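> Using only what follows, build the 3D model:
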Amino acid sequence: MKNLDWEVVVVDNNSTDDTADVIHDLEGRYPIAIRYAFEEEQGLSCARNRGIAESDSRYVAFIDDDIRAEPQWLSAIVGGFQQHHCDAVGGKILLESGCVIPEWVQPEMLGFLGQRDLSDDGFFMDGVKSFPFGGNMALSRKIIDKVGLFDTRMGRKGEGRRREELFKGEETDYFRRLAAAGGRIYYEPRAVVRHKIMPHQLKKKFFRTIHFNAGYQKAMLDDASYDRTISGVPLFLFTQTARAAFRYLAQVFSKGPARAFRQQMNVGYFLGMTQGYWKRNGATSPRAS
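So this is what the prediction gives:
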């Protein structure tokens with residue numbers, strides 16, 4: 001795309017390596033505008049918010065540090081905004097070639113590794129059932145001013161190797177807010193990036209942890225009140241957990257442990273919710289009558 005004025009803002013999220021020196025060296029070696037910004041508060045949402053604050057451009061596009069953009073990525077993003085008069089654009093995320101996926105990772109689980117390949121045709125996303133992933137998304141300045149920033153209570157922190165670092169949900173929350181505000185989101189399949197998978201992300205522990213944390217986070221952020229609880233945990237959650245566990249055991253016997261692992265993740269989600277409600281409400285909630 002000709003006459004496109006753009007810059008790269010690299011947000012250093014409180015790293016302890018030589019990131020600053022590397023970026024400052026690149027600033028003088030490449031014919032594009034590269035700027036370094038430091039964000040002390042740890043967290044992906046904090047880093048994205050800093051990137052937004054550092055830029056005054058019409059559009060803000062995001063990729064993560066484990067993403068490699070294809071040559072036409074940026075022009076496709078801008079084309080999506082201009083051709084479809086939308087407020088946000090999401091593109092295709094493919095896994096980096098050479099990545100060996102274990103047998104127990106079923107095709108429907110690839111999204112947990114960051115893959116987002118919805119179609120070879122563009123379409124408008126509703127922001128609830130379909131929305132961009134953070135590894136390849138862009139927002140207009142106009143919608144950012146209307147919707148606000150990412151919720152810093154959500155999102156990965158650090159390298160995502162420990163349980164306390166593996167929280168997500170910030171993109172789900174943001175695009176639901178965007179859709180509720182009347183924003184239009186377009187899926188642009190020509191905007192392609194590739195996601196490098198780290199070895200620890202191909203372990204069952206990684207999948208279990210992100211699901212447990214998702215349930216825990218949902219409970220901690222739930223502002224609803226429930227009449228019937230035990231130590232702060234809603235009674236219905238015990239039934240849901242038992243049903244999920246039964247389905248898991250049934251699938252182990254009918255399909256084998258590898259094919260049943262996805263259902264094991266669901267059990268972990270409900271256990272995470274149970275712990276979240278207990279930690280949040282257990283000390284003060286009355287026992288069920």
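
> so where do the helices sit in the chain?
Chain-ordered helices for the chain, with DSSP state H as the definition, fall at 19-27, 44-54, 73-84, 141-147, 170-180, 204-220, 235-255, 257-281.

> what does the shortest one contact?
This means helix 141-147. 52, 56-60, 87-88, 174, 177-178, 181, 183 (CB atoms under 8 Å, 6 or more residues apart in numbering). (Each C-beta comes from the backbone N, C-alpha and C, glycine too.)

> which pair in the residues you listed spans the largest distance?
Taking CB to CB as the measure, these reach their widest spread between D56 and R177, a distance of 22.1 Å.

> Mind checking which of the two has more residues around it?
Neighbours were counted for D56 and for R177 using other CB atoms under 10 Å; R177 has more, 17 against 8.

> I'd say that one and G148 touch.
Yes. Contact criterion CB atoms under 8 Å: R177 and G148 qualify, at 7.4 Å.

> Now list whatever residues contact both of those two.
Common neighbours of R177 and G148 (CB under 8 Å, 6+ apart) do not exist.

> hmm, back to that, now, of the contacts of helix 141-147, which are buried?
Buried residues within those, defined by neighbour count using 16 or more other CB atoms under 10 Å: I52, Y59, V60, D87, A88, Y174, R177, L178, G183.

> Reformat the residues you listed as a markdown table; add pLDDT.
Below are the buried ones among the contacts of helix 141-147 laid out as a markdown table (pLDDT from 0 to 100):
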| residue | pLDDT |
| --- | --- |
| I52 | 96 |
| Y59 | 97 |
| V60 | 97 |
| D87 | 97 |
| A88 | 98 |
| Y174 | 94 |
| R177 | 95 |
| L178 | 97 |
| G183 | 97 |
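
> Just give the nearest non-adjacent residue to E108, would you?
Counting by CB to CB, 6 or more residues apart in numbering, R262 is the residue found nearest to E108 once chain neighbours are left out, at 7.2 Å.
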